[in-house]
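In: Have a look at this prediction, sequence included:
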Amino acid sequence: MGDFNAISNITETHEGSMRWCPAITDFKECLQHAKLVDFRFSGILYSWCNKSFGNACIVKKLDRALVNQGWTSSFPLSECSFLTPGISDHNPILTTFIKGTAVFQVVQKLKLLKPVLKGNCKKDFTDIDSLLHAVKLELDACQSDLDCSPSNTCLRQMERSFSTELIRLTNIQESMLRQKSKINCLKLRDSNTAYFHKSFSSRNNKKKILSLTTDAGILIYDKESIIEEIVAHFKGLLDTAAPPTHSLSDLCAFNFKQVPSHLLSSLSEIPSPLEIQNCLLHLNRDKALGPDGYNAAFFQKAWDIVGRSVTLAITEFFNNGKMLSEANNTYISLVPKCQNPSLID
């Protein structure tokens, strides 16, 4: 790890006159002879800059972290990040190690990422309505000026820029509201903001349990009493050992459709990385995977980054049958089977 003062490919430099030089071939041959490859990295690509301006500016990837096959096998989920250089002409390299099972490493990485995502969301999208309003006013003013000067190229470019930004902010707002309202049937993208708000409020009101009739026929309104009654009801159901309704001989009498013999072995096979990827990519993008808040859209969009770690974790589970409790958490909630529920049946 460090400054090798050489690049391995012409794409690792950006300067006024990019050209091939013998050092590129020499460095590539050295890496091949030593059986070294670039460590998985993220962040800044060009790790060195001469701090000049215009055509005199030269940036190159001179700093790198190299690993061999032994390292990759021992630390499959380690990685390094090239940070911003600050006042230096070289970028610092930060190496990250997360020990433990593959599932544990995925859980820990997602935990470390969440504060960063929350910070970015708070910074860029906290006041999305105000941002939309401001861009809409700018677009209106620009289009009013265009009405007086239709051939003004500068105004036409400004209009296009404001329109693009308005569409981007509108899509972000609708995405946020869609996740809150959990409306899966809405496919139109025509800025139905009022509809989203009304739907969200309506669904919340219908699902509220403001009163409850107990098994004794008593109507209760106190929130704590309602919670106690619901918990006691389900405890009674789950703690009671109910007798089996059918014996094995009864079940054998049913003519169940059987799995063909040539497919039986496939039921116990470890899924391939491609099967895992296809399964995740076909999930509903707005469905949350668990209390951690990461929905399918996150994994689908970032699959090139998180895919390897997630695939290792899933494969590990199929191999040893053990699932970390943190990765298996879920919400248990009451789902009303009628509007304005007031009775547990």
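Out: Cool, the structure landed. Numbers count the residues shown, from 1 in each chain.
In: Select the longest helix from the chain.
Out: helix 153-181 (DSSP state H).
In: And that one, what does it pack against?
Out: In terms of contacts (3 or more CB pairs under 8 Å, 6 or more residues apart in numbering; DSSP states H and E), helix 153-181 is packed against helix 128-148, helix 193-207. To be clear about C-beta, it is placed using only N, CA and C from the backbone, and glycine gets the same treatment.
In: which one of those has the lowest average pLDDT?
Out: With a mean of 64, helix 193-207 has the lowest mean pLDDT of these.
In: Break down the protein into its helices, ranges please.
Out: Ranges of helices in the chain, per DSSP H, are 22-34, 69-74, 102-125, 128-148, 153-181, 193-207, 223-239, 248-252, 261-264, 273-281, 296-301, 303-320.
In: now the fourth one and helix 153-181, what's the angle there?
Out: Read that as helix 128-148. Orientation check (axes from the mean of the first three to the mean of the last three CA atoms, to 10 degrees): helix 128-148 against helix 153-181 gives 150 degrees.
In: same for helix 128-148, what does it pack against?
Out: Secondary-structure packing of helix 128-148 (3+ CB pairs under 8 Å, 6+ apart): helix 153-181.
In: Same question for the helix it packs on: list its buried residues.
Out: 155, 158-159, 162, 165-166, 169-170, 172-174, 177-179, 181 (16 or more other CB atoms under 10 Å).
In: how distant is it from the center of its chain?
Out: Taking CA atoms, centre = their mean, to the nearest Å, one finds helix 153-181 lying 22 Å from the centre of the chain it belongs to.
In: same question, stretch 276-290
Out: 10 Å.
In: Pull out the buried positions in that stretch.
Out: 276, 277, 280, 285, 288.
In: Excluding covalently adjacent residues, which one is nearest to the fourth one?
Out: Among residues not flanking residue 285 along the chain, residue 297 sits closest, at 3.9 Å (CB to CB, 6 or more residues apart in numbering).
In: same deal with the second one?
Out: Closest residue to residue 277 apart from its sequence neighbours, by CB to CB, 6+ apart: residue 307 at 6.4 Å.
In: pretty sure that neighbour is in contact with residue 281, am I right?
Out: No - the criterion here is CB atoms under 8 Å, and residue 307 misses it with residue 281 at 9.9 Å.
In: coming back round to it: tally of neighbours for the residue nearest to residue 277?
Out: 17 (other CB atoms under 10 Å).
In: same deal with residue 149?
Out: Residue 149 is flanked by 11 other residues according to other CB under 10 Å.
In: how about it, what does it touch?
Out: Residue 149 makes contact with residue 155 under the criterion CB atoms under 8 Å, 6 or more residues apart in numbering.
In: Next one: it relative to residue 224, how far apart?
Out: Distance, residue 149 to residue 224, by CB to CB, to the nearest Å: 67 Å.
In: same thing with residue 36?
Out: Residue 36 is 64 Å from residue 224, by CB to CB.
In: out of these two, which sits in the more crowded spot?
Out: Neighbours were counted for residue 36 and for residue 224 using other CB under 10 Å; residue 36 has more, 16 against 8.
In: how far away is the more buried one from residue 93?
Out: Going from residue 36 to residue 93 by CB to CB gives 16 Å.
In: Now find how far off-centre stretch 338-345 is within its chain.
Out: On the basis of CA atoms, centre = their mean, stretch 338-345 sits 35 Å off its chain's mean C-alpha point.
In: and residue 118, how many neighbours?
Out: Other residues close to residue 118 by other CB under 10 Å number 11.
In: should've said residue 80
Out: 19.
In: ok, now which ones touch it?
Out: 1, 39, 40, 41, 42, 65, 93, 94, 95, 96.
In: which residue packs closest to the first one, ignoring adjacent ones?
Out: Ranked by CB to CB, 6+ apart and with sequence neighbours excluded, the top spatial neighbour of residue 1 is residue 65, at 4.3 Å.
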